[in-house]
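[1] Take a look and give me a structure for this.
(2 chains)
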Amino acid sequence: MDFLRPDSWADALAAKAEHPDAVPIAGGTDVMVELNFDRRRPAALLDLTRVDDLSQWYQQDGLVRLGAGVTFARLISELGDQLPGLAMASRTVGSPQIRNRGTVGGNLGTASPAGDAHPALLAAGAEVEVESVRGSRRMPVSDFYVGVKRNALEPDELIRAVWIAPATGPQQYSKIGTRNAMVIAVCAFGLALHPSRKTVGTGIGSAAPTPRVAAQAGTFAANALEEAGLWESRGELPPSLAQEFAEQVQAAASPIDDIRGSAAYRLLSLSVMARRCLVWAWTDYRKAA
Amino acid sequence: MTTVIARPESHTKVIGGRVGDSPQRPDGNLKVRGEFAYSSDLWMEGMLWGVTLRSPHPYARIRSIDIGPALATPGVSAVLTHEDVPGEKLYGMDIADQPVLAIDVVRYQGEPVALVAANHPEVARQAAKKIRVDYEVYEPVTDPIEALGHPGWNPGQHSTAPVVQVVELNAERARLHPNGNLVRHLKIRKGDPAPVADVVVVGEYEVGMQDQAFLGPESGLAFPAEDGGVELHVATQWLHSDQQQMCLALGLPPEKVRLTLAGVGGAFGGREDLSMHVHACLLTLHTGKPVKMVYHREESFFGHVHRHPATMRYEHGATGDGVLVYVKAAIYLDGGAYTSSTPAVVANAGTLGIGPYVVPNVQVDCFGSYTNNPPCGAMRGFGAVQVAFAYEAQMDRLAAELGMDPVELRCRNAMTEGAQAPTGQVIDSAAPVEELLRRVQSMPMPAEHPAAGDTDLRALPGGVSNVTHGESVVRGVGYAVTYKNIGFSEGFDDYSTARVRLEVVNGEPTVTVHTAAAEVGQGLVTVEQQIARTELAVDRVVVHGKDTRVGSGGSTSASRQTYVTGGAVKAACEKVRDVLLGMARRQLGHTIAGLRLDDGKVVSDGEGVVAAIADVLGDRVIEETLQWRHRPTEPIDPETGQGFAHVQYAFSAHRAVVDVDVELGLVKVVALDCAQDVGKAINPEAVVGQIQGGSAQGLGLAIMEEVIVTGGMIRNPSFTDYLLPTMLDMPPMKIAVLEYADPHAPYGLRGVGEPPTISSGPAVAAAIRQAVGKPLSRVPIRPEHITGT
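    Down below sits the predicted model:
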């Protein structure tokens, strides 16, 4: 197995173009497990840890540009204010050791439906910036997931950054696991209120072949809040609204039975999380008045 | 011969402390810093790496094995099959029925089929993939009740009819072993065979397959010796049992098969059976080179036995005021493909099957069966764990039926000293069942969970996964009490050997303790030092490395080593002391009454210090080796289960407090408090550590730990999906350690390691039931059970 170690982004793109079967590796928290279990024997590994640019984040054009190599630990400590949903998701990733190594870019590269960051990225309406020697492109994160553990990358492309608008309203994230820390999601839910646009962002994890948005649920909630004038009044959230939202989120999922949980439990817990997240977010929104 | 590096030298480090003290253990800092040398760290110049090819099928006939392509792989030195086993091809601890390498049939997924040695582990692994095994795949036998030809049960049936009916198996293929699929049927028949009671409760219970989940995978290093024999450094629980089985398989006499204990990364019963021992030796004898084998994590799930899953049906009858009249139980334990220690596990589950209660009429039928599921054998608690879930749930059910407090009901029926066990054995030392329950009952309760929204997420079900801020969280409290036999039972010749040497080194009297009793992380080397220091009043005590150059120390299991090897060290020290005092008397030339040792001196009450030990010894060496046995036990009657089967009983009780998000089915154990009688705490801090660790292991089985097996296949062989409790799952504990001396045991001590593993899980399950209000008759309790999904 070749071990490619570019020290600049340009070299990384060149290496990927030359070795399209090379597997990029940053924190290694997914890739090394696959290698150790002998589930994968790629022809080459493309080590991205020497590309400084990837581990930076900064604001540009009113958005946070998050380098693909920023770790979950840094997301928690540095971006909790601007990206609260993603920071909450990051807190649920593995152990402290894993959070010190694992990156958002890694979550996207693996594109597992159980990746912890995905529901938060979907709810926030993030975009993914990918690049190859042929050029750069940006796509909504919802277009990035194309199948079970498959993403929209071309063989010569690398994930460079994620673009996310800083939160303008409350965000929430919930994850079900069968122990109280260090656990893979049985299912997960992300929610972001966008009061400036009067929209409700959603994201579902581990309850479909890919992470996905509960689009109808979000539209329903946004419209119901609008019709009742609640965005302006910041009045109490009608329980029936939260309940209907929860049911629509549930309807957007298509989970399976597996060793981590039954499909029926995933549906149940997803609706409970959706309801609670909306209630918590709305309570925060009212307090912020 | 080049030296083996990475031996656990730390064990020989001198630490302070006498019996009753809590000296810091010699391996503690090394382990915390990651510097302790485990068996997987062994290394020798020029060594090869051995790997095992395992069966992908739970049940299949092997038509042929083609090793050609694997053997032709560059870097490969050997590829071996059953044809290369020079001695007995079947091994086992008591019953030799497990092939060293599969011969014609594989009976479980992961059964070893062939071995490869190569110059690099990756070369060996890839070569193993080239071995072509042609299998004729059979439908596996996976139900331990059907495997015996017993009819399934009618759940919830409230009948007093016999619970066991036997029908013949007619599928010839389903006979997994020549004598059928029954490993053992243990019967207890005590009192009235047709008792009647005012109140009867019936329950059916299931316990999933738990794994020992030790962190140090099976590993060791074998190398050839100049005398044609073989040396093996290995992580194990009983060097001499390994040696005996290895000699048979290798066709070598004991003096040519020498074992040394390497650093053991946990055991919990999972290292009682052989794993890579014979395999590494076969490869080393075949190649003439050192061979190292280390299982990876996934392989480890296939490389050792698990805790028997259990299916149990219980019927309890009591008077209207809550006095137990009878208990009937049918217990099925799935032994998997080979015998391992199933017969003894069946004996424990059967004889301990109704818990520490006085019951005049008892009928227990406990079965162990062969199936094509993973082999099951020893794990901490050893048969007592499974039944405790059932009998304690029954006690709660009975209390509810009677409208009684569950603790009150237990106390009303609690064993006391002098009580009769279901085997007819009289409990002839302390049995403080009621006191243990009252102790945990009277411990302060944890604070109520705060109102929604005001609390640290880590204190709530789900932790930082942020699933509840207090919504739907209901508290529950549950109790459980248990007892467990200590040491080997049923007439087993359960002894340990100790060699103790006293000499002057650099002017200082020095004791060397040599036993073969395995230190697996429980702290035995510390205890051995404490005992020698106490008995010989010498500060400098060294524990010799553990190996087969001294006689057997017996198994590090059944909570027996402090008792039996501790007893052997104590007895050997006493013998050395007698010799030393005799020398002192002779040197003094006259008789002094009441000579004893104190702080490096020979003293008498009348004359004070008589001489320094170093001066008495001079350049002479006193060395004594002896075997020490606890009092004998007896086999039990095969028809009635009556007999003096167990040498000692240990008792513990737990109170669990849980917060359950009843809408999501997620659990936070808020408190798990324990009271345990240990007879005498030789090392109080180590005792508390055993209680904490054991309690966590029991909690794990109650709510998360399960090897999930479908169609004979393990579906979660990794720590990603075999979940162990973390710091956020296991609460800090309040622990009451009672010391009621057992007059039959050295220092009055009782074995400590297992009881807390037994009573903690049932207490957690009881607390969840109380919070949720559902029967929850299967453990681990999953969110699906609580939420009905």
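
[2] what about residue B:732, neighbour count?
    If you count neighbours by other C-beta atoms under 10 Å in any protein chain shown, residue B:732 ends up with 11. For the C-beta atoms, the positions are set from N, CA and C on the backbone; glycine is no exception.

[3] ok, now how distant is it from residue B:672?
    As for residue B:732, its distance to residue B:672 is 9 Å (criterion: C-beta to C-beta, to the nearest Å).

[4] Residue in the stretch 501-650 of chain B with the shortest distance to chain A?
    Closest residue of the stretch 501-650 of chain B to chain A, C-beta to the nearest C-beta: residue B:521 (21.6 Å).

[5] what's near enough to touch that residue?
    Residues near residue B:521 by C-beta atoms under 8 Å, 6 or more residues apart in numbering or on different chains: B:27, B:264, B:265, B:266, B:267.

[6] Format the residues you listed as CSV; extra columns: pLDDT, distance to chain A and secondary structure.
    Output for the contacts of residue B:521, formatted as CSV (pLDDT from 0 to 100; distance: C-beta to the nearest C-beta, whole Å; DSSP: H, G, I helix; E, B strand; the rest coil):
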residue, pLDDT, distance to chain A, secondary structure
B:27, 93, 23, coil
B:264, 98, 23, coil
B:265, 97, 17, coil
B:266, 97, 19, coil
B:267, 97, 23, coil
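
[7] And stretch B:334-341, end to end?
    12 Å (C-alpha to C-alpha, to the nearest Å).

[8] And residue A:218, its phi and psi?
    Dihedral pair for residue A:218: phi -60, psi -40, per degrees, to the nearest 10.

[9] Can you verify my assumption that it contacts residue A:203?
    No. Applying C-beta atoms under 8 Å, one finds residue A:218 not in contact with residue A:203, separated by 9.6 Å.

[10] From the neighbour counts alone, determine which of these two ranks first.
    Neighbours per residue (other C-beta under 10 Å) separate residue A:218 from residue A:203, with residue A:203 holding more: 30 against 24.

[11] The strand or helix carrying that one near chain B anywhere?
    Assessed by DSSP states H and E, residue A:203 sits inside strand A:199-205. No. In terms of C-beta under 8 Å from any C-beta of the partner chain, no part of strand A:199-205 sits within range of chain B; the closest distance is 11.6 Å.

[12] Give me the helices and strands touching that strand, please.
    When contacts are defined as 3 or more C-beta pairs under 8 Å, 6 or more residues apart in numbering or on different chains; DSSP states H and E, strand A:199-205 packs onto helix A:118-124, strand A:187-194, helix A:215-227, helix A:239-252, helix A:263-287.

[13] I'd like the average pLDDT over the host helix or strand of residue B:658.
    Following DSSP H and E, one finds residue B:658 within strand B:648-661. Strand B:648-661 shows a mean pLDDT of 98.

[14] Please, which helix or strand holds residue B:590?
    Using DSSP H and E, residue B:590 falls within no helix or strand.

[15] Need the pLDDT of it.
    Listed pLDDT for residue B:590 reads 80.

[16] same check, this time on the one 4 residues further on
    Residue B:594 carries a pLDDT value of 89.

[17] so how many other residues sit close to it?
    Using other C-beta under 10 Å, residue B:594 is surrounded by 9 other residues.

[18] With residue B:96 instead?
    Applying other C-beta under 10 Å, we find 17 other residues in the vicinity of residue B:96.

[19] before we move on, what about residue B:137?
    12.

[20] residues from the stretch 101-250 of chain B in reach of chain A?
    By the rule C-beta under 8 Å from any C-beta, the part of the stretch 101-250 of chain B lying against chain A is residue B:125.

[21] again, only this time at 10 Å
    B:122, B:125, B:126, B:129 (C-beta under 10 Å from any C-beta of the partner chain).

[22] and the helix ranked longest in chain B with strand B:648-661, angle?
    When chain B is parsed with DSSP state H, its longest helix is helix B:561-588. Interaxial angle of helix B:561-588 relative to strand B:648-661 (axes from the mean of the first three to the mean of the last three C-alpha atoms, to 10 degrees): 140 degrees.

[23] Report the buried residues of helix B:561-588.
    Going by neighbour count (16 or more other C-beta atoms under 10 Å in any protein chain shown), the buried part of helix B:561-588 is B:561-573, B:575-577, B:580-581, B:583-585, B:588.

[24] After that helix, heading C-terminal, what element do we hit next?
    Per DSSP H and E, the first helix or strand lying C-terminal to helix B:561-588 is strand B:595-598.

[25] which helices and strands does that next one pack with?
    helix B:524-536, helix B:561-588, strand B:601-604, strand B:608-612, helix B:613-617 (3 or more C-beta pairs under 10 Å, 6 or more residues apart in numbering or on different chains; DSSP states H and E).

[26] mind saving the C-alpha coords of that strand as CSV?
    Extracted C-alpha coordinates of strand B:595-598, given in CSV (Å, rounded to 0.1, in the frame of the first residue of the first chain):
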residue,chain,number,x,y,z
LEU,B,595,8.6,-17.3,70.4
ARG,B,596,7.2,-15.4,67.5
LEU,B,597,8.3,-13.0,64.7
ASP,B,598,7.8,-9.3,64.8
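
[27] Direction included, what does that strand pair up with?
    Partners of strand B:595-598 in the sheet, by DSSP bridges, are strand B:601-604 (antiparallel).

[28] Return the distance of the partner strand from the chain's centre.
    42 Å (C-alpha atoms, centre = their mean, to the nearest Å).

[29] do the same with stretch B:590-599
    43 Å.

[30] contacts for it?
    The contact list for stretch B:590-599 (C-beta atoms under 10 Å, 6 or more residues apart in numbering or on different chains) reads B:509, B:534-539, B:573, B:577, B:580-582, B:584-585, B:588, B:602-613, B:616.

[31] Please check these and keep the buried ones.
    Buried by 16+ other C-beta under 10 Å: B:509, B:534-538, B:573, B:577, B:580-581, B:584-585, B:588, B:602-604, B:610-611, B:613, B:616, out of these.
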